[in-house]
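Asker: Just a sequence and a predicted model for now, questions to come.
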Amino acid sequence: MSYDTDILIAGGGLNGPALALGLAQAGFAVTVVDARPETARADDNFDGRGYALALASKRLLDAIGVWKRVGDNAQSMNEIKVSDGRAGEGPSPFFLHFDKAELEEGPMGYMLEDRFLYRAFLDAMREEEAITKITEDSVVDQAVDATGVTATLASGKTIRARLLVGCDGRQSGVAQRAGIKRSGWGYGQTALVCAIAHEKPHDGIAHQFFMPPGPLAILPLPGNMSSIVWSETDENAKRINALSDEDYMAVLRPRFGDFLGKIELAGARFTYPLNLTVANEFVAERIALVGDAAHGMHPIAGQGLNAGLRDVGALVQILSEAQRRGEDFASILVLGRYQEWRRFDTHALVAATDLTNKLFSNDNPLLRIGRDIGMGLVNASPRLRRTFMREAAGLTGELPELMR
């Protein structure tokens, strides 16, 4: 049987390129199909979109040759401060404080702008001979048989591969065509995302401020800049997003506070509806799902991309080990090992983010007292605090080799 490629990846966002690089370096021929043109996100204009990369994710990017291209543009997260309160009233006296000094591995994570990370992936893929990139096209059909999968693109082109991997988002067409159903629900919240320029230095400190409508994350970027992920009810978010920049900032300022001095909007504004969606299966015959195609969660802990990169590390390891043993790496038996590895970790993370959002996104006085006391107890216990820090850094559980 002849194949055009060993592995076909549908989706060229971030998980798709990361997976392609890991697989290519493990000896596989890989083709990536991306519906967008390469120039869509790779320009030099600052727009404020960024990612919180856990330390384990940084290790993976280092292992696949991407971190060396972006490290100079990253901002380490030296501390994380978590507090609870109401807009304009400031935080409660109970809080969590994580300091990198308590973690021997170094900073818990890094903030990196989308434009730098995406461009680094493009550059790395161009230099990898085992990767073929197809842009401005998409997989619209797939036919699986005993020895492989034939994918049909929107352009009419067909590609024969041994394995098809869906990295095509929460509405994954690969998953739908494979008959994989999903479970989940909406949160009635929308994330308002932007970047803020501030008067005082942030010192690499990330803040998570829980308020009744939803959490506000203030994430440090290089210089006197921070990325904002601000969750509000759908109704409030729609109203706030319709405001002028000046009025938008008037709503944000009492929530943000004055601890960084004067603040101003920098870059563009974005909104994202927040929901939970998990594929009931992560694999099917000659099909695997990675990243948001497998699981989409609330951004409350900034773990979306990190969870996807864990999928990448696990799938690269499972497939390469099977290949070395002479197995059919795309068989359901081999893919089942990937699903078994990632399913428990994913469900635990999804449950944690879902529970945290429900626990903190309300103004119930009894819950407020309980959660504040809980944060105070954790903060007072070095062992518990260090456990939470290692979780935030992505250092718990069974780590793929690329993350060790």
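Answerer: Nice, I can see it. From a predicted model like this one, the values you see are computed outputs, not experimental measurements.
Asker: Which strand or helix spans the residue nearest the centre of the chain?
Answerer: The centre of the chain sits closest to residue 305, judged by CA atoms, centre = their mean, with a distance of 1.5 Å. According to DSSP states H and E, residue 305 maps onto helix 304-324.
Asker: what's the answer for residue 164, then?
Answerer: Per DSSP H and E: strand 158-166 holds residue 164.
Asker: Give the pairing partners of that strand; include direction for each.
Answerer: According to DSSP bridges, strand 158-166 forms sheet pairs with strand 5-10 (parallel), strand 149-153 (antiparallel), strand 287-289 (parallel).
Asker: Just want the angle from whatever helix or strand comes next after the helix holding residue 305 to strand 158-166.
Answerer: Moving toward the C-terminus from helix 304-324, the next helix or strand (DSSP H and E) is helix 332-360. Following axes from the mean of the first three to the mean of the last three CA atoms, to 10 degrees, one obtains 40 degrees for the angle between helix 332-360 and strand 158-166.
Asker: buried ones in helix 332-360?
Answerer: For helix 332-360, the neighbour count (16 or more other CB atoms under 10 Å) marks 334-335, 337-339, 341-343, 345-346, 349-350, 352-354, 356-357, 360 as buried. Where C-beta positions appear, they are placed from N, C-alpha and C, glycine not excepted.
Asker: do the same with stretch 153-164
Answerer: 153, 159, 160, 161, 162, 163, 164.
Asker: And stretch 59-78, by the same measure?
Answerer: Across stretch 59-78, burial judged by 16+ other CB under 10 Å covers 59-61, 63-67, 69-70, 73-78.
Asker: ok, so of those, who is nearest residue 244?
Answerer: The shortest approach to residue 244 among those belongs to residue 75, at 29.1 Å (CB to CB).
Asker: quick one, phi psi at the closest one?
Answerer: The phi/psi pair for residue 75 (degrees, to the nearest 10) reads phi -120, psi 120.
Asker: Same question for the one 10 residues further on.
Answerer: Backbone torsions for residue 85, taken as degrees, to the nearest 10, come to phi 170, psi -160.
Asker: And it, how far from residue 297?
Answerer: 24 Å (CB to CB, to the nearest Å).
Asker: These two - which one has more neighbours?
Answerer: residue 297 (24 against 21; other CB atoms under 10 Å).
Asker: who's in contact with that one?
Answerer: 276, 303, 304, 307, 349, 350, 353, 354 (CB atoms under 8 Å, 6 or more residues apart in numbering).
Asker: Please tell me how far the second one sits from residue 297.
Answerer: Which is residue 303. 7 Å.
Asker: Could you list which residues are in contact with the closest residue to residue 143 other than its chain neighbours?
Answerer: Counting by CB to CB, 6 or more residues apart in numbering, residue 143 lies nearest to residue 150, which is 4.8 Å off, once chain neighbours are set aside. Contacts of residue 150 were listed using CB under 8 Å, 6+ apart, and they are 142, 143, 158, 159, 160, 161.
Asker: Count the residues that sit near the second one.
Answerer: Number of residues near residue 143 (other CB under 10 Å) recorded here: 12.
Asker: confidence score at the residue nearest to the centre of the chain?
Answerer: Residue 305 carries a pLDDT value of 95.
Asker: who touches it in this structure?
Answerer: If you count contacts by CB under 8 Å, 6+ apart, then residue 305 has 14, 15, 51, 52, 53, 57, 291 around it.
Asker: same thing but 10 Å
Answerer: By CB atoms under 10 Å, 6 or more residues apart in numbering, residue 305 lies in contact with 13-15, 18, 51-54, 57, 112, 117, 291-292, 299.
Asker: Find the least confident helix or strand in the chain, judged by mean pLDDT.
Answerer: strand 90-99 (a mean of 86; mean pLDDT, DSSP states H and E).
Asker: so how far is that strand from its chain's centroid?
Answerer: 25 Å (CA atoms, centre = their mean, to the nearest Å).
Asker: any idea how far residue 103 is from the spatially closest residue to residue 205 that is not a sequence neighbour?
Answerer: Leaving aside its sequence neighbours, residue 205 sits nearest to residue 79 (CB to CB, 6+ apart; 4.4 Å). Taking CB to CB as the measure, residue 79 falls 11 Å from residue 103.
Asker: isn't residue 396 right up against residue 306?
Answerer: No: look at residue 396 against residue 306 with CB atoms under 10 Å: they stay out of range, at 11.9 Å.
Asker: who touches both of the two?
Answerer: Common neighbours of residue 396 and residue 306 (CB under 10 Å, 6+ apart) are residue 56.
Asker: Those two - which one has more neighbours?
Answerer: Shown here are residue 396 and residue 306; by other CB under 10 Å, residue 306 has more neighbours (24 against 14).
Asker: Now do the contacts for the more buried one.
Answerer: If you count contacts by CB under 10 Å, 6+ apart, residue 306 has them with 51-58, 60, 109, 349, 392-394, 403.
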